[in-house]
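In: Give the three-dimensional model of this entry:
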Amino acid sequence: PKAGRKKGKSFSDREEKDLRSTFKELARLYGEDNALQMVKDLTIVLAFKQNYFAPSLEAFSEVFGEEESKAMVQQNPGLLALPPSGAGGAD
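Out: Below is the predicted model of the structure:
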């Protein structure tokens, strides 16, 4: 391993059941076709904390409206890596 880097699993090492659960949450919020495209565009989205997804969409929707927020996240799924609130968050 590189200097200063801890041995062990990286945050992207996830069990298949966790990946499936994360995809299901994406599909619930954005629709299955859109979720699939988001995963194709940014596969690592499946390693993000799925408990951020709904609160982040809600926070974005308060500012931009729901449809605009969904479109924004679909174009940039990396936004789902942000915590839903606090410094650097979706709010």
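
In: Identify the residue spatially nearest to the residue most central in space within the chain, adjacent ones excluded.
Out: For the chain, the residue sitting closest to the mean C-alpha position, by Cα atoms, centre = their mean, is Leu80 at 3.3 Å. Using Cβ to Cβ, 6 or more residues apart in numbering and skipping the chain neighbours, the partner closest in space to Leu80 is Phe48 (5.0 Å). Just so you know, the C-beta spots here come from the backbone N, C-alpha and C atoms, and that holds for glycine as well.

In: hang on, isn't the one you found packed against Leu79?
Out: No - applying Cβ atoms under 8 Å as the test, Phe48 and Leu79 come out as separate, 9.7 Å apart.

In: quick one: which of those two has more around it?
Out: Neighbour totals were compared for Phe48 and Leu79, and Phe48 leads with 22 against 18 (other Cβ atoms under 10 Å).
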